[in-house]
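Q: have a look; sequence and predicted model below, questions after that.
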Amino acid sequence: MAAVAEVSRLALHFSWLNALLVGAVLGCISSSILLPVLQQVNLRREVKVTLLVESSLGDAFAVLAVTTLLDIASGGNAAPKAVAWTLGSSLILAVASGILAGMLWSYLLPVLSEEHFWHVLTFAAVLLVYSGVHFLKGNDLISVLVFGLTLTNFPAVRKRLRFDETAGSDWFNDMPVQEHKGRSPDHYHDQMLTFHGELAFLLRTFFFVLLGTLVDYADLRKSILLTSLCFAAILVARGVAVQTGRLAWRTFSALERELMLWFVPRGLITAVLGVEVLEARGKDFAFLPSLAFGVVLLSNLILLIGTVRARNLRPSAPLTI
């Protein structure tokens, strides 16, 4: 975000606020693109989980950064204490709401799983958590992420704390539907992932079509230089982050660190935030859809290079979420 903001400030003569808006739009990795790729490449689980957590948190923090900057640009309080309080309270509310909702749904799900389309009911619960936290001015994406983490891990926590001696490590273990149909817990887990994947594909398609309708090819040609500079800034910042991360990733090989450099896809969240900033700030950001489109294209081409390079790694176990 900071690297792209500096490029925007120098190239477009933007104020720091407007430059940071551009940086926030382009600064995060897209989890909706990265997750399917991680399930196909031969990376070790530690590397996959690191990239997955980074992209999931990146989406949420990008939304939080853009909404906060737009609020400041529209006349909100820009004092550091006020911004820190807004961010802190938003995150606390999101985490608390996600944990409470996940605990509640983990108790209800075994009962609801007897009904048809229980996975759609779970999606409805996600929408309720998202809209409720959004209404309360919390970070809606963080709340959904915490909801999913709680839903998956709460039964195991209950078992370790001896709250429920019958709870297993999987939140489908005690579903009555298993007794009637004789299906394993993995069947329902795979069914949920399939439903999520199809829905994510639909959303990605919709927003990329929307982004395509907003892109003017004449503007795209004009923004080739800016797109190249912004993407170069992304790669430089990524390289610094990867090299700094060596302090924590002592067991990662040189090739694994190289792959983490290439795995920087932009996608759905970049398209959505670009449209949101354009609608909020008007003609000053008319170039943003074209810029976002160019960065999305370049970042996914770089991702392709990474997947080819990943063939040189030894096969590893598939990633399960």
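A: Received it, and whenever you're ready, just let me know what you need.
Q: pLDDT weak spots in the stretch 1-150 of the chain?
A: Scanning the stretch 1-150 of the chain for pLDDT under 70 picks out 76-78, 112-117.
Q: got the contact list for Cys28?
A: Residues in contact with Cys28 (C-beta atoms under 8 Å, 6 or more residues apart in numbering) are Met1, Ser55, Gly58, Asp59, Phe61, Ala62, Arg266, Ile269, Thr270. (C-beta placed from N, C-alpha, C; glycine too.)
Q: can you count the residues close to the first one?
A: Burial measure for Met1: 22 neighbouring residues, criterion other C-beta atoms under 10 Å.
Q: give the contact list for it.
A: Leu20, Gly23, Ala24, Leu26, Gly27, Cys28, Ala65.
Q: from these, which ones fall inside strands?
A: Assigned to strands by DSSP state E, none of those qualify.
Q: let's see if you can find the most crowded of the residues you listed.
A: Most neighbours among those, by other C-beta under 10 Å: Leu26, with 30 neighbours.
Q: and that one, how far from Val49?
A: Shown here: Leu26 relative to Val49, a distance of 25 Å by C-beta to C-beta, to the nearest Å.
Q: the contacts of Met1 into JSON lines, with extra columns for distance to Ala310?
A: Formatted as JSON lines, the contacts of Met1 follow (distance: C-beta to C-beta, whole Å):
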{"residue": "Leu20", "distance to Ala310": "33"}
{"residue": "Gly23", "distance to Ala310": "29"}
{"residue": "Ala24", "distance to Ala310": "29"}
{"residue": "Leu26", "distance to Ala310": "24"}
{"residue": "Gly27", "distance to Ala310": "24"}
{"residue": "Cys28", "distance to Ala310": "22"}
{"residue": "Ala65", "distance to Ala310": "30"}
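Q: number of nearby residues for the closest residue to Ser31 other than its chain neighbours?
A: Excluding its sequence neighbours, the residue lying closest to Ser31 (C-beta to C-beta, 6 or more residues apart in numbering) is Ser55, at 3.8 Å. Neighbourhood size, Ser55 [other C-beta under 10 Å]: 23.
Q: element containing Ser55?
A: helix 45-73 (DSSP states H and E).
Q: from the chain's centroid, how far away is that helix?
A: 6 Å (C-alpha atoms, centre = their mean, to the nearest Å).
Q: for stretch 70-88, same thing?
A: With C-alpha atoms, centre = their mean as the basis, the mean position of stretch 70-88 lies at 23 Å from the chain mean.
Q: just stretch 293-307 next, same as before
A: 17 Å.
Q: give me the pLDDT for the closest residue to Phe287 other than its chain neighbours.
A: Using C-beta to C-beta, 6+ apart and skipping the chain neighbours, the partner closest in space to Phe287 is Ser223 (5.5 Å). As predicted, Ser223 sits at a pLDDT of 85.
Q: any idea how far Ser223 lies from Val22?
A: 12 Å.
Q: returning to what we had before: by contact count, what packs against the helix holding Ser55?
A: helix 16-26, helix 31-38, helix 80-112, helix 140-160, helix 254-262, helix 268-281 (3 or more C-beta pairs under 8 Å, 6 or more residues apart in numbering; DSSP states H and E).
Q: what about Gly88, how many neighbours?
A: 10.
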